[in-house]
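Trainee: sequence unavailable; structure follows:
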């Protein structure tokens, strides 16, 4: 038969005091630390996303400047080739004229 005496009441009170102290000294600090860590991680993730966006913008601007520089370089190269061909044509014409005069 079950008997309820002071021992079971003291055990229940002891358990409740232990649970309260465990919550006060162990669970609350750990939960606070976990919450602070989660806030930190969210802030760092937001910062990382912002930095990624800035890096992508800088990369696209760099690629645009690179394309402009390549086009300008190609135009300069084409102009130099045309000028060299014109000089070659003039020199060949002068050489042919000098050769005809000698003949």
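Mentor: Good, I have the coordinates. A quick note: this is a predicted structure, and the numbers were derived from the prediction, not measured. Numbers count the residues shown, from 1 in each chain.
Trainee: residue 103: neighbour count?
Mentor: Burial of residue 103 is recorded as 5 neighbouring residues (other C-beta atoms under 10 Å). (Each C-beta comes from the backbone N, C-alpha and C, glycine too.)
Trainee: quick one: it from residue 15, how far?
Mentor: Separation of residue 103 from residue 15 (C-beta to C-beta, to the nearest Å): 124 Å.
Trainee: residue 23 now?
Mentor: The spacing between residue 23 and residue 15, counted by C-beta to C-beta, is 12 Å.
Trainee: how far does the helix or strand encompassing residue 9 sit from its chain's centre?
Mentor: Under the criterion of DSSP states H and E, residue 9 resides in helix 6-22. Between the centre of helix 6-22 and the centre of its chain there are 55 Å (C-alpha atoms, centre = their mean, to the nearest Å).
Trainee: ok, now stretch 5-25?
Mentor: Taking C-alpha atoms, centre = their mean, one finds the center of stretch 5-25 at 53 Å from the center of the full chain.
Trainee: if you count neighbours, what's buried in that stretch?
Mentor: Judged by neighbour count (16 or more other C-beta atoms under 10 Å), stretch 5-25 contains no buried residues.
Trainee: and residue 44, what is it in contact with?
Mentor: Neighbour list for residue 44: empty [criterion: C-beta atoms under 8 Å, 6 or more residues apart in numbering].
Trainee: and the pLDDT at it?
Mentor: On the pLDDT scale, residue 44 is placed at 98.
Trainee: check residue 1 too.
Mentor: Note on residue 1: pLDDT of 59.
Trainee: likewise for residue 53?
Mentor: We have a pLDDT of 98 for residue 53.
Trainee: what about it, how many neighbours?
Mentor: When neighbours are defined as other C-beta under 10 Å, residue 53 has 10 of them.
Trainee: now do the host helix or strand of it against helix 6-22: the angle between them, please.
Mentor: Per DSSP H and E: residue 53 is located in helix 28-102. Per axes from the mean of the first three to the mean of the last three C-alpha atoms, to 10 degrees, the angle that helix 28-102 makes with helix 6-22 is 30 degrees.
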